[in-house]
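Peer 1: turn this into a model:
(chains A and B)
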Amino acid sequence: AQSVAQPEDQVNVAEGNPLTVKCTYSVSGNPYLFWYVQYPNRGLQFLLKYITGDNLVKGSYGFEAEFNKSQTSFHLKKPSALVSDSALYFCAVRVSGNTPLVFGKGTRLSVIA
Amino acid sequence: ETGVTQTPRHLVMGMTNKKSLKCEQHLGHNAMYWYKQSAKKPLELMFVYSLEERVENNSVPSRFSPECPNSSHLFLHLHTLQPEDSALYLCASSPSRHWASTEAFFGQGTRLTVV
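Peer 2: Just a heads-up that it's a prediction; the model follows:
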């Protein structure tokens, strides 16, 4: 069975500081990994994904994520946080077309001015 | 916007009511999904439709009844719900359920409150 863990319910960062939102996964096979963001009263918006190739993936709004196979992690990062980055972030994993997209519980990011 | 539209945005219903949630996409996608989002819980996949055929039903109670009349529209019919069914219901679509590397596009959700 595949699963995703987001160990932090809440992450607080000062504006201008780097941010990291953690994600680890457990799958049988090669994973496809995704990050989504959810702003208040909105649906999920796709940020970035890892399929294959370069372990560092760049996405929307200056976010990036690093795939680490040995640590089974896919942490989301941004060099300089903005107040507008405050939202709920979801990591998700899928293995094949016959398996569903599995989401983590989400991490609430608060960027403080 | 993602191209996936859900109506209504908010819904309050009594436990004896019948209501329906609507989802519409004009992205040319062949797969559509219903998810339930409850506080502090992972998103729960409820139903998957591929080319208008239901291909997954993750042990969802029969008080939730999906309908996919065509590849652009997806409904969730609600009947005799319980207060614990109160949640944000999200619709999503993707080009094909078999393409594991493609992302899903989500609607803004319907906030359902059962009283």
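Peer 1: now the strands for chain A?
Peer 2: Assigned by DSSP state E, the strands in chain A fall at A:3-5, A:10-14, A:19-21, A:24-26, A:32-38, A:44-50, A:56-58, A:64-68, A:73-78, A:87-94, A:102-103, A:107-112.
Peer 1: can I get these in a markdown table with mean pLDDT, mean neighbour count and distance to B:Thr110?
Peer 2: No exception for glycine: its C-beta is placed from N, CA and C like everyone else's. As requested, those are exported to a markdown table (pLDDT from 0 to 100; neighbours: other CB atoms under 10 Å in any protein chain shown; distance: least, CB to CB, whole Å):
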| stretch | mean pLDDT | mean neighbour count | distance to B:Thr110 |
| --- | --- | --- | --- |
| strand A:3-5 | 93 | 17 | 25 |
| strand A:10-14 | 98 | 14 | 26 |
| strand A:19-21 | 98 | 21 | 27 |
| strand A:24-26 | 96 | 17 | 29 |
| strand A:32-38 | 96 | 24 | 14 |
| strand A:44-50 | 95 | 21 | 14 |
| strand A:56-58 | 96 | 14 | 31 |
| strand A:64-68 | 97 | 18 | 30 |
| strand A:73-78 | 98 | 20 | 27 |
| strand A:87-94 | 95 | 24 | 17 |
| strand A:102-103 | 91 | 21 | 18 |
| strand A:107-112 | 97 | 17 | 22 |
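Peer 1: next, count neighbours for the closest residue to chain B within chain A.
Peer 2: Closest residue of chain A to chain B, CB to the nearest CB: A:Gly97 (3.4 Å). A:Gly97 has 14 neighbouring residues, counting by other CB atoms under 10 Å in any protein chain shown.
Peer 1: ditto for B:Gly109
Peer 2: The burial count for B:Gly109: 23, using other CB under 10 Å.
Peer 1: check B:Gln108 too.
Peer 2: 21.
Peer 1: helices and strands around whatever helix or strand B:Leu78 lives in, which ones?
Peer 2: B:Leu78 belongs to strand B:73-79 when assigned by DSSP states H and E. Counting by 3 or more CB pairs under 8 Å, 6 or more residues apart in numbering or on different chains; DSSP states H and E, the packing neighbours recorded for strand B:73-79 are strand B:18-25, strand B:31-37, strand B:44-50, strand B:64-70.
Peer 1: related to what we said a few turns ago, how about the nearest residue to the residue of chain A closest to chain B, chain neighbours excluded?
Peer 2: B:His98 (3.4 Å; CB to CB, 6 or more residues apart in numbering or on different chains).
Peer 1: circling back to that earlier point, so which of the helices and strands packed on strand B:73-79 is the most surrounded?
Peer 2: Across these, averaging neighbours per residue (mean count of other CB atoms under 10 Å in any protein chain shown) puts strand B:31-37 on top, at a mean of 23.
Peer 1: one step back: check which helix or strand the residue nearest to A:Gly97 maps to.
Peer 2: Here B:His98 is covered by no helix or strand, with elements defined by DSSP H and E.
Peer 1: was I right about it contacting A:Arg94?
Peer 2: No: counting by CB atoms under 8 Å, B:His98 does not reach A:Arg94; the two are 11.0 Å apart.
Peer 1: before we move on, back to that, need the strands of chain A in JSON lines (columns: distance to chain B).
Peer 2: Below are those laid out as JSON lines (distance: least, CB to the nearest CB, whole Å):
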{"stretch": "strand A:3-5", "distance to chain B": "8"}
{"stretch": "strand A:10-14", "distance to chain B": "11"}
{"stretch": "strand A:19-21", "distance to chain B": "15"}
{"stretch": "strand A:24-26", "distance to chain B": "13"}
{"stretch": "strand A:32-38", "distance to chain B": "5"}
{"stretch": "strand A:44-50", "distance to chain B": "4"}
{"stretch": "strand A:56-58", "distance to chain B": "12"}
{"stretch": "strand A:64-68", "distance to chain B": "13"}
{"stretch": "strand A:73-78", "distance to chain B": "14"}
{"stretch": "strand A:87-94", "distance to chain B": "5"}
{"stretch": "strand A:102-103", "distance to chain B": "4"}
{"stretch": "strand A:107-112", "distance to chain B": "10"}
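Peer 1: fine by me, thanks again.
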